[in-house]
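>>> what shape does this take:
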Amino acid sequence: MKLKTLLLGLTFVLFCTVGFAQTAKKKVNKKQTNQKQRITQGVKSGTLTKKEATKLRAQQKEIAKTKHAAKADGVVTKKERAVIHQKQKSANQNIVRKKNNDVKKKK
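From the prediction side, this is the model:
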(Lines give C-alpha, C1' and ligand atoms only; values in the text may rest on other atoms or scores of the structure.)
Protein backbone atom coordinates (compact mmCIF):
# COMPACT_ATOMS: atom_id res chain seq x y z
CA MET A 1 0.00 0.00 0.00
CA LYS A 2 2.78 2.43 0.89
CA LEU A 3 4.56 1.61 -2.37
CA LYS A 4 1.44 2.44 -4.39
CA THR A 5 1.06 5.73 -2.54
CA LEU A 6 4.72 6.58 -3.09
CA LEU A 7 4.53 5.75 -6.81
CA LEU A 8 1.32 7.75 -7.18
CA GLY A 9 2.94 10.74 -5.46
CA LEU A 10 6.07 10.54 -7.62
CA THR A 11 3.95 10.30 -10.76
CA PHE A 12 1.99 13.38 -9.71
CA VAL A 13 5.19 15.36 -9.09
CA LEU A 14 6.58 14.27 -12.46
CA PHE A 15 3.47 15.43 -14.33
CA CYS A 16 3.45 18.76 -12.48
CA THR A 17 7.10 19.35 -13.39
CA VAL A 18 6.51 18.50 -17.06
CA GLY A 19 3.45 20.75 -17.13
CA PHE A 20 5.41 23.67 -15.67
CA ALA A 21 8.20 23.21 -18.21
CA GLN A 22 5.68 23.20 -21.06
CA THR A 23 4.06 26.40 -19.74
CA ALA A 24 7.43 28.17 -19.57
CA LYS A 25 8.23 27.01 -23.12
CA LYS A 26 4.91 28.32 -24.41
CA LYS A 27 5.53 31.72 -22.80
CA VAL A 28 8.94 32.02 -24.44
CA ASN A 29 7.56 31.02 -27.86
CA LYS A 30 4.57 33.34 -27.49
CA LYS A 31 6.83 36.30 -26.63
CA GLN A 32 9.02 35.59 -29.63
CA THR A 33 6.04 35.32 -31.98
CA ASN A 34 4.51 38.49 -30.58
CA GLN A 35 7.75 40.43 -31.04
CA LYS A 36 8.09 39.28 -34.65
CA GLN A 37 4.51 40.36 -35.36
CA ARG A 38 5.14 43.77 -33.79
CA ILE A 39 8.19 44.28 -36.01
CA THR A 40 6.20 43.33 -39.13
CA GLN A 41 3.34 45.62 -38.10
CA GLY A 42 5.81 48.46 -37.49
CA VAL A 43 7.20 48.15 -41.01
CA LYS A 44 3.69 48.10 -42.52
CA SER A 45 2.57 51.15 -40.55
CA GLY A 46 5.76 53.08 -41.28
CA THR A 47 6.83 53.45 -37.65
CA LEU A 48 9.89 51.29 -38.36
CA THR A 49 12.35 51.82 -41.18
CA LYS A 50 13.79 48.87 -43.08
CA LYS A 51 17.13 49.43 -41.35
CA GLU A 52 15.52 49.40 -37.90
CA ALA A 53 13.49 46.30 -38.76
CA THR A 54 16.61 44.53 -40.02
CA LYS A 55 18.41 45.17 -36.72
CA LEU A 56 15.40 44.04 -34.70
CA ARG A 57 15.05 40.87 -36.78
CA ALA A 58 18.75 40.13 -36.28
CA GLN A 59 18.15 40.41 -32.54
CA GLN A 60 15.27 37.94 -32.86
CA LYS A 61 17.55 35.50 -34.70
CA GLU A 62 20.10 35.81 -31.87
CA ILE A 63 17.38 34.93 -29.35
CA ALA A 64 16.41 31.92 -31.46
CA LYS A 65 20.04 30.77 -31.53
CA THR A 66 20.24 31.12 -27.75
CA LYS A 67 17.06 29.06 -27.36
CA HIS A 68 18.40 26.38 -29.70
CA ALA A 69 21.70 26.20 -27.81
CA ALA A 70 19.87 25.96 -24.48
CA LYS A 71 17.76 23.05 -25.75
CA ALA A 72 20.71 21.24 -27.33
CA ASP A 73 21.42 19.07 -24.29
CA GLY A 74 17.73 18.38 -23.68
CA VAL A 75 17.46 20.47 -20.50
CA VAL A 76 16.95 24.22 -20.24
CA THR A 77 18.40 25.32 -16.91
CA LYS A 78 17.17 28.25 -14.82
CA LYS A 79 20.25 30.22 -15.82
CA GLU A 80 19.67 29.56 -19.53
CA ARG A 81 16.01 30.47 -19.18
CA ALA A 82 16.98 33.71 -17.39
CA VAL A 83 19.36 34.61 -20.25
CA ILE A 84 16.62 34.00 -22.81
CA HIS A 85 14.13 36.10 -20.85
CA GLN A 86 16.66 38.92 -20.47
CA LYS A 87 17.35 38.92 -24.21
CA GLN A 88 13.61 38.99 -24.92
CA LYS A 89 13.14 41.85 -22.48
CA SER A 90 15.94 43.78 -24.17
CA ALA A 91 14.44 43.07 -27.61
CA ASN A 92 11.05 44.28 -26.39
CA GLN A 93 12.57 47.53 -25.14
CA ASN A 94 14.34 48.02 -28.48
CA ILE A 95 11.10 47.47 -30.40
CA VAL A 96 9.26 50.00 -28.26
CA ARG A 97 12.07 52.55 -28.52
CA LYS A 98 12.49 52.21 -32.29
CA LYS A 99 8.76 52.25 -33.00
CA ASN A 100 8.33 55.42 -30.97
CA ASN A 101 11.33 57.41 -32.17
CA ASP A 102 10.97 60.26 -34.66
CA VAL A 103 12.50 58.37 -37.58
CA LYS A 104 9.80 57.59 -40.11
CA LYS A 105 9.80 55.45 -43.20
CA LYS A 106 10.34 57.45 -46.38
CA LYS A 107 7.44 57.18 -48.77
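
>>> from Ser45, how far off is Lys61?
Per CB to CB, to the nearest Å, Lys61 is found 22 Å from Ser45. (Each C-beta comes from the backbone N, C-alpha and C, glycine too.)

>>> ok, Lys98 next?
As judged by CB to CB, Lys98 and Ser45 stand 13 Å apart.

>>> which of those two has more neighbours?
Lys98 (19 against 10; other CB atoms under 10 Å).

>>> model confidence score at that one, please.
Lys98 carries a pLDDT score of 94 in this model.

>>> which non-adjacent residue is nearest the spatially most central residue of the chain?
Closest to where the C-alpha atoms of the chain average out (CA atoms, centre = their mean) is Val28, at 3.4 Å. Spatial nearest neighbour of Val28, excluding adjacent residues (CB to CB, 6 or more residues apart in numbering): Ile84 at 6.1 Å.

>>> and the contacts of whichever strand or helix holds the one you found?
Take DSSP states H and E as the rule and Ile84 turns out to sit in helix 78-99. Contacts to helix 78-99, defined as CB atoms under 8 Å, 6 or more residues apart in numbering, come from residues 24, 28, 31-32, 35, 38-39, 42, 47-48, 52, 55-56, 59-60, 62-63, 66-67, 70, 76.

>>> how near is the residue nearest to Thr47 when sequence neighbours are not counted to Ala53?
Nearest non-adjacent residue to Thr47, counting by CB to CB, 6+ apart: Lys99, 4.6 Å away. Using CB to CB, we find Lys99 at a distance of 10 Å from Ala53.

>>> identify the contacts common to those two.
Contacts common to Lys99 and Ala53, judged by CB under 8 Å, 6+ apart, are Gly42.

>>> now do the helices in this protein.
Here the chain has its helices, by DSSP state H, at 2-45, 50-71, 78-99.

>>> mean pLDDT for those: which is lowest?
Of all the helices of the chain, helix 2-45 has the smallest average pLDDT, which comes to a mean of 76.
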